[in-house]
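Engineer: Okay, predicted coordinates and the sequence, questions at the end:
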Amino acid sequence: MAAFESQLTGREEVAEGTMAFHFSKPAGFDFKAGQSMTVALVDPPETDAKGNRRNFSIVSAPFEGELAIATRMRDTAFKRVLKTVPMGTKVHLRGPGGKLVLDGNDSRPAVLLAGGIGITPFVSMLRQAARDRLPHKLFLFYSNRRPEDAAFLDELIELQRRNPNYRFVGTMTEMEKSRRPWQGALYGRAAGDDRGDAEDARRGRGRERKHPQRRVLRLLKGLAADLRISWRQPEIPGS
């Protein structure tokens, strides 16, 4: 991958505990929506065993005049430095890389599944698709614990107005811990919760810890019911 020099130009919180960082876009840095890049700090004031570079999906779209990433703010030297250094601080970039891009066959709908900060490559895709008025049918399923944790939530909902070929389906699994209203789907209960059977709920949570695929399938079954799509339960290997 090619190497570039860039500068930090902005940062803001995009969800609780999640920040976006903006960088100048070097000449010749051409990428496709969904690709990633490596960001390396130059002579940072502190470092740790995890090193001074990280790979991030690019959250900005190719048509935009800057590069942006978003990340959960874990307590690492890299992220502490990125959060506190002054604007104009130099960074080194390598990229772009990755093959997570939209299929060129726009006759087949694209279904995008994301949870938490895994949304970043899809934000880039959806911004670009709205700008280019792509005929591609796009369905985004985005799951978080609470609306407060969902990066770019308002923008992802608003993009439906700008792109009639795109539909957003959001789910929240711990709304009892939220202070923000939510009009979308709720899929936070383990099997048995809706019947008020505590023992069944306990067994359901245990099965989902042993076989995480069960939770994913439960969420998808609920979403399929919302969308009035017929659902056939697949077999879970090893369950």
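Structural biologist: Yep, that arrived.

Engineer: Break down the chain into its strands, ranges please.
Structural biologist: All strands of the chain, identified by DSSP state E, fall at 2-15, 18-24, 36-41, 53-57, 66-72, 90-97, 110-115, 138-144, 166-172, 185-186.

Engineer: how about TSV for those, with mean neighbour count added?
Structural biologist: C-beta here means a position set from N, CA and C on the backbone, and glycine is covered the same way. TSV is the format used below for the strands of the chain (neighbours: other C-beta atoms under 10 Å):
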stretch	mean neighbour count
strand 2-15	15
strand 18-24	20
strand 36-41	20
strand 53-57	17
strand 66-72	20
strand 90-97	18
strand 110-115	17
strand 138-144	22
strand 166-172	19
strand 185-186	16
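
Engineer: quick one: which of these is nearest Glu158?
Structural biologist: Smallest distance to Glu158 across the strands of the chain (C-beta to C-beta): 9.1 Å, for strand 166-172.

Engineer: need the contact list for the most centrally placed residue in the chain.
Structural biologist: Centroid-nearest residue in the chain, with C-alpha atoms, centre = their mean: Ile119, separated by 1.2 Å. By C-beta atoms under 8 Å, 6 or more residues apart in numbering, the contact set of Ile119 is 142, 150-152, 156.

Engineer: and of the residues you listed, the nearest to Asp132?
Structural biologist: Nearest to Asp132, judged by C-beta to C-beta, of those is Leu156 at 17.3 Å.

Engineer: Is that closest one in contact with Tyr142, as I believe?
Structural biologist: Yes - in this structure Leu156 lies within contact range of Tyr142 using C-beta atoms under 8 Å: 6.6 Å.

Engineer: Common neighbours of those two, please.
Structural biologist: Common neighbours of Leu156 and Tyr142 (C-beta under 8 Å, 6+ apart) are 119, 168, 170.

Engineer: so what are the domain limits for the chain?
Structural biologist: What automatic domain parsing lists as the domains of the chain is 2-97, 110-226.
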